[in-house]
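S.K.: Whatever this is, show me its structure:
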Amino acid sequence: MSTRIHVLWRAGSVLALAALAVLLSGGCVTVREELQPVRETVLTVARSGEDVTLSWIGTAGAYYTVTYATSHRGPHVPLPDAINIRAVATGEPIIVKDRVRPSEQRYYRLVQGRLPMTR
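M.R.: Model (predicted):
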């Protein structure tokens, strides 16, 4: 019974609280919670000399910003040409270009949100 109560608390809705009241009063109830899985987004980076190509598959309505750092633990800053790129359709490939001197390295990160990123 404690497992059921834990599952009901995780649901976090009015329905779960009502179901908990029924369960505690001696009844039994099944609560089904459907979660929409988050699709994993993979940032692909390809480098040829000074030219760097960054690409990923977008999700409709999402905003993307690519950030970079010059060291593994350094602070990330937005890539100037890759701030708040909005995906129009799910499955749409998004491609961004960067130029980096051959002696320099960069660490990229893809930030995804439902709203545009603010500075």
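
S.K.: now Y64: how far from G49?
M.R.: Between Y64 and G49 the computed distance is 25 Å (Cβ to Cβ, to the nearest Å). Backbone N, C-alpha and C define where each C-beta goes, glycine included.

S.K.: Which one's more surrounded, the two?
M.R.: Using other Cβ atoms under 10 Å, the more surrounded residue of Y64 and G49 is Y64, with 22 against 9.

S.K.: Kindly confirm my reading that the more buried one is in a strand.
M.R.: Yes: under DSSP: H, G, I helix; E, B strand; the rest coil, Y64 sits within a strand.

S.K.: Next one: it relative to I57, how far apart?
M.R.: Y64 is 11 Å from I57, by Cβ to Cβ.

S.K.: Need the residues touching each of these two.
M.R.: I94 (Cβ atoms under 8 Å, 6 or more residues apart in numbering).

S.K.: Report the contact partners of Y107.
M.R.: Contacts of Y107 by Cβ under 8 Å, 6+ apart are Y68, A69, T70, S71, H72, G74, H76.

S.K.: Now do the helices in the protein.
M.R.: 2-11, 14-24 (DSSP state H).

S.K.: For T41, give its distance to T70.
M.R.: In terms of Cβ to Cβ, T41 sits 23 Å off from T70.

S.K.: oh sorry, the question was meant for A82
M.R.: Separation of A82 from T70 (Cβ to Cβ): 16 Å.

S.K.: With neighbour numbers in mind, choose between these two.
M.R.: A82 (20 against 13).

S.K.: Just list the residues touching that one, thanks.
M.R.: L54, Y64, T65, V66, V96, D98.

S.K.: want to throw those into JSON lines with pLDDT?
M.R.: Formatted as JSON lines, the contacts of A82 follow (pLDDT from 0 to 100):
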{"residue": "L54", "pLDDT": "96"}
{"residue": "Y64", "pLDDT": "95"}
{"residue": "T65", "pLDDT": "95"}
{"residue": "V66", "pLDDT": "96"}
{"residue": "V96", "pLDDT": "97"}
{"residue": "D98", "pLDDT": "97"}
